[in-house]
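# Got a sequence here, can you build the structure:
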Amino acid sequence: MHRELGLVLVLLAVSAWGAPQKYQDNRPEDPVPVETITTCGGYIETSSGTINYQVGGSIRADMRCIWTLRAPVLNQRFVLVSSGLHETDGLYLTDFGYSGTGTGAQQRVTTVGQNYTVTSRNVLITLNVGNAPTFGFSLQFFSSGAENNQLLTGHTSLTAVSGNYSYPPGGGQYNNSETAWFTICPSVPSRPTLRFTRVDVEHNGQCGFDSVSTFTWFDNQFTEVAMFCGTTIPTSLSLQGGIGLIRFSSDATDARTGFDFEWE
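Predicted coordinates for the structure are as follows:
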C-alpha cells in the first residue's frame, strides 16, 4: 500500500515538473523586442516592443500622439534608441494607475541610451511636438517582474478631428469592476471641445463607486479636470493642448447604461 502511494506521488511530481510553468514571481525581459510599432499612437498589448515613429523622417509641427501600453507584468523599462526630437518637443511616460484618481508619476524621455523605468502595467507614452517641424525617434520597452491586479479592461483611441462615442459601444449596461481609458488625439493637430451628451453611472456623493474622469494636456502633463457620476452632464471641456483623456471605472455592483460624448 505504501509503495503504491509513493509511486503515485512520484508520478505527480514528474508531471508537475514537465508541465509548462507560468511566470508568477519574476518574469524576465524578452532578449529582443517582439513587436514593432510605426503608427502615431495606438493600443499596445505585448511584453516588449519598439516604437519607430518617423525614424529618418520628419514630423509636422504641433503633432500629438498617445500610445497606450498594457503590459503583462509590473515593471517596464524604456530606452531611447535614437531621436531627432528638438528641445521644444517632448516624449513622456505616464503611470496611469489601476486604482485611485489622477495619474501617477511622469517622466520625460530625453537621453539616448538611458533607461527609464515605470512600475505599472499601464503606461501612457505621449509625444508632444512644438511649434516647428521635428524628426522621428525610436523607443524600445521591455516588461519584467511579477503579475498583479492592474488590469486595464478596455481602451479606445479616437483620432478623428471630430466625432462621437458611446460606452458601452454596443448599448446595454457596462460591466462591474471595469477600468477603461478613452484617448482623444486627432491625427490632424487641433484643439477640439469635449462635450458629454448623456451620463448614467452609479451615483455616490464622492463618486466612490463608479465614476468618469476627464483629463486635458496642460503644461506637458495630464491634468484632471473633473470627476462625475450619476446622471448630471458636466460642462464642456476645451482641449487646448490638443489631447483629451477619459477614464471610467466601476465597482463590483450596480451597473448602469454608461455615457455618450462628442468632440469637435
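# Bridge partners for the spatially most central residue of the chain, pull those for me.
Taking C-alpha atoms, centre = their mean, the centroid of the chain lies closest to Thr68, which sits 3.5 Å from it. Beta-bridge partners for Thr68, by DSSP bridges, are Tyr43, Leu124.
# That one contacts Leu124, correct?
Yes. The criterion here is C-beta atoms under 8 Å, and Thr68 meets it with Leu124 at 6.0 Å. All C-beta atoms are positioned from the backbone trio N, CA, C, and that covers glycine.
# Skipping its backbone neighbours, what lies nearest Gln76 in space?
Leaving out its chain neighbours, the residue that sits closest to Gln76 by C-beta to C-beta, 6 or more residues apart in numbering is Val118, at 4.6 Å.
# Return the backbone torsion pair for that neighbour.
phi -130, psi 130 (degrees, to the nearest 10).
# go on, Glu202?
Dihedral angles of Glu202 (phi, psi; degrees, to the nearest 10) stand at phi -50, psi 130.
# and the gap between His203 and Leu237?
Distance, His203 to Leu237, using C-beta to C-beta, to the nearest Å: 21 Å.
# More neighbours: which of these two?
Legend: neighbour count by other C-beta atoms under 10 Å for His203 and Leu237, higher for Leu237 (20 against 17).
# Can you spell out which residues form a bridge with the more buried one?
According to DSSP bridges, beta-bridge pairing links Leu237 with Leu194.
# looking at it, it is touching Thr214, isn't it?
Yes. With contact defined as C-beta under 8 Å, Leu237 counts as touching Thr214 (5.7 Å).
# hey, what's in contact with both of these two?
Taking C-beta atoms under 8 Å, 6 or more residues apart in numbering as the criterion, Leu237 and Thr214 both touch 194, 225-226, 244.
# And the strands in the stretch 1-150 of the chain?
With DSSP state E, counting those that start in this stretch, the ranges of strands along the stretch 1-150 of the chain come out as 36-37, 42-44, 48-59, 64-70, 75-83, 90-95, 106-108, 115-119, 122-128, 134-144.
# Quickly list what's touching both of Thr68 and Leu124.
Thr183.
# Least confident secondary structure element in this protein?
helix 2-18 (a mean of 40; mean pLDDT, DSSP states H and E).
# Now stretch 104-119: buried residues?
Residues 104, 106, 109, 116, 118 are the ones in stretch 104-119 that count as buried (16 or more other C-beta atoms under 10 Å).
# May I have the beta-bridge partners of the fourth one?
Taking DSSP bridges, one obtains Phe78 as the residues bridged to Tyr116.
# shouldn't it be in contact with Ala105?
No. With contacts counted by C-beta under 8 Å, Tyr116 stays clear of Ala105, the gap being 10.8 Å.
# Can you list the low-confidence ranges for the stretch 101-250 of the chain?
101-103 (pLDDT under 70).
# Show me the chain divided up by domain.
35-144, 154-263 (the TED database).
# Figure out the length between the terminal residues of the last one.
I take that to be domain 154-263. Terminal residues of domain 154-263 lie 20 Å apart, using C-alpha to C-alpha, to the nearest Å.
# quick one: Thr119 from Arg77, how far?
From Thr119 to Arg77 the distance is 10 Å (C-beta to C-beta).
# Name the SS class of Gly241, please.
coil (DSSP: H, G, I helix; E, B strand; the rest coil).
# Compute the number of surrounding residues for it.
Counted with other C-beta under 10 Å, Gly241 comes out at 17.
# wait, doesn't it sit right on Thr216?
Yes. At 5.9 Å, Gly241 counts as touching Thr216 under the criterion of C-beta under 8 Å.
# Now for the two: what residues contact both?
Counting by C-beta under 8 Å, 6+ apart, nothing touches both Gly241 and Thr216.
# so how many other residues sit close to Ser236?
11.
# Now it: closest residue in space, sequence neighbours ignored.
Arg195 (4.7 Å).
# One more: Ile59?
Nearest to Ile59 is Thr134, by C-beta to C-beta, 6+ apart, at 5.1 Å.
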